[in-house]
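> Okay, predicted coordinates and the sequence, questions at the end:
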Amino acid sequence: MIKSFICGTFVLLLAISTQAFAAQPQVNITEVFPNFNDKTFEIMGENFDLGPNALQVTLGNFGNLVIISADANMIVAAFPEGLVDGDFLLKVSSGPGPRKNDEHIVTVGATGPEGPGGAEGAEGQTGPVGPQGPVGATGPQGDKGDTGATGAQGPQGDTGAQGTQGDTGASGSAHGDTYKTGRHARPLRLNMTPLATRSYAVERTSVPSQVYVASLMTTRMWEEEA
């Protein structure tokens, strides 16, 4: 019973110690960017302020670099004198022990070999509709199209306004030439329908040999002997 209690307590303490050790922070370098305009290294990471010692940055055989600025996640260190192109081992240290030290390979100058392509990312969301573009130039005139079919006849238009009265014509001659011929007078019957109660005499002119006198009130016409 006592042995089981001691064994269980030892296992529990060991688990707590392992968990506590694993949860302790550690200096970690994630990226290093050489800035050739400012001639500095921009070192990105975490827990650079872990301590207890003063922060140090070294580069290969050049030794310690001059630290321009530093916080928990970024260090800016100056290029050393005589820096040439090549690959260098950069180290960051804030004290003794592996948790307070980290290192990173830095390429200066020449570009290193291209790394393998990454996996294709997920398709992004559709962006908003962009603004309307400017009106394009007018295109060339197209060919003449075929003649269309004849349309349906439209409705009859309105009656036009009455025209102005024309000028009075010139007066004709009072009587035409009268021709008389023949020696025998004979009656000539002509069926006519009266057109009015008044009597109108019509004399036919320019007819050789005969003269006709018609009355709208009578139905007889006579040929007179000259």
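Arrived safely, thanks for sending.
> and Gly95, what does it touch?
Neighbouring residues of Gly95 by Cβ atoms under 8 Å, 6 or more residues apart in numbering: Leu50, Gly51, Pro52, Asn53. In this view, the C-beta of every residue, glycine as well, is placed from N, C-alpha and C.
> give me phi/psi at it?
phi 160, psi -180 (degrees, to the nearest 10).
> The nearest residue to it once chain neighbours are set aside: how many residues sit nearby?
Nearest non-adjacent residue to Gly95, counting by Cβ to Cβ, 6 or more residues apart in numbering: Asn53, 4.3 Å away. As a burial measure, Asn53 scores 11 neighbours (other Cβ atoms under 10 Å).
> Specify which member of the contacts of Gly95 is nearest to Asn64.
Of all those, Asn53 has the smallest distance to Asn64: 12.6 Å, by Cβ to Cβ.
> From Ser69, how far off is that closest one?
Asn53 sits 18 Å away from Ser69, taking Cβ to Cβ, to the nearest Å as the criterion.
> Please apply the same query to Gly136.
From Gly136 to Ser69 the distance is 53 Å (Cβ to Cβ).
> who's more crowded, those two?
Taking neighbours as other Cβ under 10 Å, Gly136 and Ser69 compare with Ser69 leading, 10 against 6.
> Across the sheet, point out what pairs with that one.
Val76 (DSSP bridges).
> Does it touch Ala78 like I think?
No. Under the criterion of Cβ atoms under 8 Å, Ser69 makes no contact with Ala78, lying 10.7 Å away.
> Show me the domain layout of the protein.
Following automatic domain parsing, one finds the domains of the chain at 22-108, 176-226.
> what's the least confident stretch among those domains?
Here the domains of the chain differ in mean pLDDT, and the lowest is domain 176-226 at a mean of 43.
> Mind jotting down where the strands sit in the chain?
28-35, 40-46, 56-59, 67-70, 74-78, 86-93, 101-108, 187-189, 201-203, 213-215, 220-222 (DSSP state E).
> And the helices in this protein?
With helices called from DSSP state H, the chain shows them at 2-22.
> Out of the contacts of Gly95, which is nearest to Val129?
Nearest to Val129 among these is Leu50, at 50.2 Å by Cβ to Cβ.
> if I look at the residue nearest to that closest one when sequence neighbours are not counted, how far off is Val66?
Among residues not flanking Leu50 along the chain, Ser94 sits closest, at 4.6 Å (Cβ to Cβ, 6+ apart). As for Ser94, its distance to Val66 is 17 Å (criterion: Cβ to Cβ).
> Give me the more crowded residue out of these two.
Ser94 (21 against 11).
> out of the contacts of Gly95, which is most surrounded?
Leu50 (21 neighbours).
> Now for that one: which residues touch it?
Taking Cβ under 8 Å, 6+ apart, one finds Pro25, Gln26, Val27, Ser94, Gly95, Arg99, Lys100 in contact with Leu50.
> Just the buried residues from these, in ChimeraX please.
In ChimeraX, a selection of the buried entries from the contacts of Leu50 looks like this (16 or more other Cβ atoms under 10 Å):
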select :27,94,99,100
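> will you turn the contacts of Leu50 into CSV that also has distance to Asp143?
Shown next, in CSV, are those (distance: Cβ to Cβ, whole Å):
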residue, distance to Asp143
Pro25, 79
Gln26, 78
Val27, 78
Ser94, 81
Gly95, 86
Arg99, 82
Lys100, 83
